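> let me see the structure of the following:
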Amino acid sequence: MLKWAVVFLIIAIVAGIFGFTDVEAASATIAQWLFGIFLVLFLGALIIGLMIGRTLTS
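Predicted coordinates for the structure are as follows:
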């Protein structure tokens, strides 16, 4: 998912350079959403992993 966020970010940057403002805005929005979803899932997995690790070591 992070890979797709980076791909849409690159598309947004290239579209912004060439002046395609609609494409740039849409790509930037998609990249932000994908990064947000990735961040939430990553933090959830990290918290669950820490909780499981704590119960295994005690």
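> count of residues packed around Glu24?
If you count neighbours by other CB atoms under 10 Å, Glu24 ends up with 18. (Each C-beta comes from the backbone N, C-alpha and C, glycine too.)
> check the offset of the strand or helix carrying it from the chain's centre.
Assigned by DSSP states H and E, Glu24 falls within helix 21-57. Mean-position distance between helix 21-57 and its chain equals 6 Å (CA atoms, centre = their mean, to the nearest Å).
> pLDDT of that helix, averaged?
Averaging pLDDT along helix 21-57 gives 93.
> that one - contacts with which helices or strands?
Packing contacts for helix 21-57, counted by 3 or more CB pairs under 8 Å, 6 or more residues apart in numbering; DSSP states H and E, involve helix 2-18.
> can you tell me the centre-most residue of the protein?
Nearest to the geometric centre of the chain sits Phe35, at 1.5 Å (CA atoms, centre = their mean).
> quick one: contacts for it?
For Phe35, the contact set (CB atoms under 8 Å, 6 or more residues apart in numbering) comprises 2, 5.
> Leu39: neighbour count?
13.
> distance check, it against Ala5.
Distance, Leu39 to Ala5, by CB to CB, to the nearest Å: 10 Å.
> repeat that for Ile37.
Using CB to CB, Ile37 is found at 9 Å from Ala5.
> quick one: which of those two has more around it?
The neighbour comparison of Ile37 against Ala5 (other CB under 10 Å) goes to Ala5, with 19 against 13.
> how about the more buried one: what's its closest non-neighbour residue?
Leaving aside its chain neighbours, Ala5 sits nearest to Leu34 (3.9 Å; criterion: CB to CB, 6 or more residues apart in numbering).
> so that neighbour touches Val7, yeah?
No. Leu34 is beyond contact range of Val7, at 9.1 Å (criterion: CB atoms under 8 Å).
> who has more neighbours, those two?
Leu34 (19 against 14).
> next one: the more buried one from Ile47, what distance?
21 Å.
> what's the answer for Thr57, then?
Thr57 sits at a distance of 16 Å from Ile47 (criterion: CB to CB).
> have a look at the two and say which one is more surrounded.
Ile47 (10 against 6).
> ok, now which ones touch the residue nearest to Ala5?
1-2, 4-5, 8.
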